[in-house]
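A.B. asks: attaching a predicted model along with its sequence, questions to come.
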Amino acid sequence: MKILIVDDNADSRIILRKTLESDGYTVMTASDGAEALRLARDGPPDMIISDILMPGMDGYQLCRLWREDERLSSVPFVFYSASYTDRKDEEFGLGMGAVRFIVKPMDHDDFLRIIREILSDYKKGLLTPSPPVDKNDEDSFLKGYSARLITQLEKKVRDLEASNEALRRSEADLRELFESFVRTMVNTLDAKSRWTKGHSRRVAVYAEQIAREIGLGEREIAELRMAALLHDIGKIGLRDSLLDKTEGLTEDEFKTMKAHAALGADLLKDIKQLRNITPAIRYHHERSDGSGYPEGLKGKEIGLYADIIHVADSFDSMTADRPYRHSLGKAYAVSELKRLAGEHFNPDLVNAFLNALGRKPGIAGQERKDRRQKR
Ligand SMILES: [Fe+2]
């Protein structure tokens, strides 16, 4: 027994073909009404199973032409469609001469049972499809059918908009959760020592000023801000006594201190959302001439985010009180940035920072505010 399937959806055609082949039928497939008619006229099948909504010629048009074709008119025509919206669709389909109207999805066994029944009745000559409907009735039905489809489509669009809104809300929740996580990490570092308190937030402010000065986009600025907030996170793994030490560090202690850059990057390496910024954390103490750590990278190898954080970090370190010295002052910090531009620092970024510093009282204001909070 040969069955012709017509459906514009390739997945549906495959599923239907496999289902029917599992019951021993020979299956032909077509992706629209015109192709189905061509195939059927070349060699009529024992049944056609047709979708309704298809581009070009839809199932109803195909059914009408099928019934008008002498060689095909007695071959059972079955509608199998998910676009069933109304009892009238079924009535109309049967009125056009279809022998059954099956609504997707249907249980595999039930579907095959119905197909077997139809073919058996067909072979026994028991199928008497009604004569095709009057053309006027057909036109008025098709108008109603289109209106129902539009209503259904509008509902689908509304449902889609509602689920998009829910998705947007859960994305915002996730972003907020992630930002709280970052804040908690920074607070943990702040709580470790009075000397680290506020440093990350000030570095983030400076880094953002540099980024805006060189024209980075909002996405990059957000990433850079996150990297700056977390740049010293590896210090969580250092002893408090090392962070608070008032005398100079011994060689071994300095070595331990230097490990914080790689340690911080390693701490965060499994967080997918931070993948773009972990290199900036690892390399924020690299220097343009290769004399930095942990890897002695040079120039462009260091990466823009790390370069920016290095400038911002150095400025804040010089202008903040340290356990072993008072602030060196803004004028000194500016002269050091200038002196070491090209050696330690990317000179373009130093220029950008100094421009921002000269123009934006917000930066100096931030310094004063933080200094007051510290006292
Ligand atoms: Fe650092």
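C.D. replies: That came through fine. Numbers count the residues shown, from 1 in each chain.
A.B. asks: helices along the stretch 201-350 of the chain, start to end?
C.D. replies: Assigned helices in the stretch 201-350 of the chain, in chain order: 218-230, 240-243, 251-258, 260-268, 278-282, 304-319, 330-339, 347-359 (criterion: DSSP state H, counting those that start in this stretch).
A.B. asks: buried stuff in the fourth one?
C.D. replies: Spelled out, that is helix 260-268. Within helix 260-268, the residues scored as buried using 16 or more other Cβ atoms under 10 Å are His260, Ala261, Ala262, Leu263, Gly264, Ala265, Leu267, Leu268. (Glycine included, C-beta is placed from N, CA and C.)
A.B. asks: closest to Gly290 among those residues?
C.D. replies: Of all those, the one with the least separation from Gly290 (Cβ to Cβ) is Ala261, at 15.3 Å.
A.B. asks: and that closest one, how far is that from Gly237?
C.D. replies: Applying Cβ to Cβ, to the nearest Å, one obtains 11 Å for the distance of Ala261 from Gly237.
A.B. asks: thinking again about what came up before, indicate which one of the helices of the stretch 201-350 of the chain is closest to Tyr80.
C.D. replies: Evaluated over the helices of the stretch 201-350 of the chain, closeness to Tyr80 peaks at helix 218-230, with 47.8 Å, by Cβ to Cβ.
A.B. asks: okay, strands next: where are they in the stretch 51-200 of the chain?
C.D. replies: Secondary structure of the stretch 51-200 of the chain by DSSP state E, counting those that start in this stretch: the strands cover 77-81, 100-103.
A.B. asks: which outside residues touch the shortest one?
C.D. replies: By that I understand strand 100-103. 49, 76, 78-82, 84, 89-90, 93-94, 111, 114, 118 (Cβ atoms under 8 Å, 6 or more residues apart in numbering).
A.B. asks: so how do I select the buried members of the residues you listed in PyMOL?
C.D. replies: Buried subset of the contacts of strand 100-103, written as a PyMOL selection, criterion 16+ other Cβ under 10 Å:
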select buried, resi 49+76+78+79+80+81+84+89+90+93+94+111+118
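A.B. asks: looking at the contacts of strand 100-103, which are in helices?
C.D. replies: Helix and strand membership here follows DSSP state H; of those, those in helices are Asp89, Glu90, Gly93, Leu94, Phe111, Ile114, Ile118.
A.B. asks: quick check: Arg17 touching Thr26?
C.D. replies: No - applying Cβ atoms under 8 Å, one finds Arg17 not in contact with Thr26, separated by 10.2 Å.
A.B. asks: look at the two and report which has more neighbours.
C.D. replies: Arg17 (17 against 12; other Cβ atoms under 10 Å).
A.B. asks: residues making contact with stretch 104-111?
C.D. replies: Residues outside stretch 104-111 that contact it (Cβ under 8 Å, 6+ apart): Ser12, Thr19, Tyr80, Ser81, Ala82, Tyr84, Ile102, Ile114.
A.B. asks: quick one, what contacts Ile236?
C.D. replies: Contact analysis of Ile236 by Cβ under 8 Å, 6+ apart lists Met185, Thr188, Leu189, Lys192, Leu267.
A.B. asks: out of these, which are buried?
C.D. replies: Among these, the ones that count as buried by 16+ other Cβ under 10 Å are Met185, Leu189, Lys192, Leu267.
A.B. asks: of the residues you listed, closest to Ser314?
C.D. replies: The shortest gap between Ser314 and any of those belongs to Leu189, at 18.3 Å (Cβ to Cβ).
A.B. asks: ok, that closest one to Arg183 distance?
C.D. replies: For Leu189, the distance to Arg183 equals 11 Å [Cβ to Cβ].
A.B. asks: Leu230 against Val186, yeah?
C.D. replies: Yes - under the contact definition of Cβ under 8 Å, Leu230 touches Val186, with a separation of 7.1 Å.
A.B. asks: which residues are common contacts for the two?
C.D. replies: With contacts taken as Cβ under 8 Å, 6+ apart, the residues that reach both Leu230 and Val186 are Ser200.
A.B. asks: which of these two has more residues huddled nearby?
C.D. replies: For Leu230 versus Val186, the count of surrounding residues by other Cβ under 10 Å is larger for Leu230: 26 against 20.
A.B. asks: now that one: closest residue in space, sequence neighbours ignored.
C.D. replies: Nearest non-adjacent residue to Leu230, counting by Cβ to Cβ, 6 or more residues apart in numbering: Ile281, 6.0 Å away.
A.B. asks: name the nearest of the ones in helices among the contacts of strand 100-103 relative to Lys255.
C.D. replies: Nearest to Lys255, judged by Cβ to Cβ, of these is Phe111 at 73.5 Å.
A.B. asks: next one: the closest one, what pLDDT does it get?
C.D. replies: pLDDT recorded at Phe111 is 92.
A.B. asks: for Ala10, which non-adjacent residue is spatially closest?
C.D. replies: Skipping the residues right next to it in sequence, Ala10 comes nearest to Ser31 by Cβ to Cβ, 6+ apart, at 7.5 Å.
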